[in-house]
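**Q** when you get a sec, could you give me coordinates for this:
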Amino acid sequence: HLSMISLLLSILIALSLVFYPEWYILDICATLLSIGAITIFGISLSIPLVMVLLVALAIYDVVSVYKTKHMIDLADTIVDLKLPALFIIPYRFGYRFRRKAGGIKKQVKRKEREALFVGVGDVVIPGILVVSSYARTSSLIIAGSVSIGIMLSFIALSLLVSKGRPQAGLPFLNAGAILGYLISSLILYGYPLGIT
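**A** Numbers count the residues shown, from 1 in each chain. Coordinates of the predicted model:
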């Protein structure tokens, strides 16, 4: 019965994406995708490896957003194609994503930011450390502290994005995740649990 329900839900979501790609449909798909990716990578990778990954991808994000700018072009294409690779958070009630023409760059030029766009990678990459830290330490406090670090850094990032310019998210979010892990681990155990 569960497999049949899963199949029917998958078909319903796929049809919704094709025929009614509204922001909340894309957000549901992006959420399911993120949960799966975070879980798989989080239980598979050790904490030191995750930290190396977070630092490396944060550097890549800086280069791709500010230097080569190809990440902005990629996000623009994703918005135009209405793919579930972004979380869309409307600034106002009644926002309709599927009726919007033009990508992120056009909105920035016209200064008409009606929604906050967050890449799935900005959720998945730091989220891996949440799962990995719990899988390796069995500490809900450490995993929760990583989550709090991510949320606090997301608030700071949102304030910058609200000023109108696209921002590299991973330097903020990954730093918040790593600091949340290190601070909580050092306070509770006196050393980075799960690394040594």
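
**Q** what strand or helix carries the most centrally placed residue in the chain?
**A** What sits nearest the mean C-alpha location of the chain, by CA atoms, centre = their mean, is Val123, with 1.9 Å. Per DSSP states H and E: Val123 is located in helix 120-137.

**Q** elements contacting that helix?
**A** Judged by 3 or more CB pairs under 8 Å, 6 or more residues apart in numbering; DSSP states H and E, helix 120-137 is in contact with helix 23-44, helix 47-62, strand 86-90, helix 140-161, helix 170-189. All C-beta atoms are positioned from the backbone trio N, CA, C, and that covers glycine.

**Q** ok, back up a step: ok, and the closest non-adjacent residue to the residue nearest to the centre of the chain?
**A** For Val123, ignoring the flanking residues on the chain, the nearest one in space by CB to CB, 6 or more residues apart in numbering is Ser34 at 4.9 Å.

**Q** wait, that neighbour sits on Val120?
**A** Yes - Ser34 lies in contact with Val120 (CB atoms under 8 Å); the separation is 5.7 Å.

**Q** now do the helix or strand in which Ala14 is found: everything it contacts.
**A** Assessed by DSSP H and E, Ala14 sits inside helix 2-19. In this structure, residues lying in contact with helix 2-19 by CB atoms under 8 Å, 6 or more residues apart in numbering are 25-26, 28-29, 32, 82, 84.

**Q** need the buried ones from those selected in PyMOL.
**A** Here is the PyMOL command that selects the buried residues among the contacts of helix 2-19 (16 or more other CB atoms under 10 Å):
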select buried, resi 25+26+29+82+84
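
**Q** now the contacts of helix 2-19 as TSV including distance to Leu170 and pLDDT?
**A** Formatted as TSV, these follow (distance: CB to CB, whole Å; pLDDT from 0 to 100):
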residue	distance to Leu170	pLDDT
Ile25	26	92
Leu26	21	92
Ile28	23	93
Cys29	21	93
Leu32	21	94
Lys82	24	83
Pro84	19	86
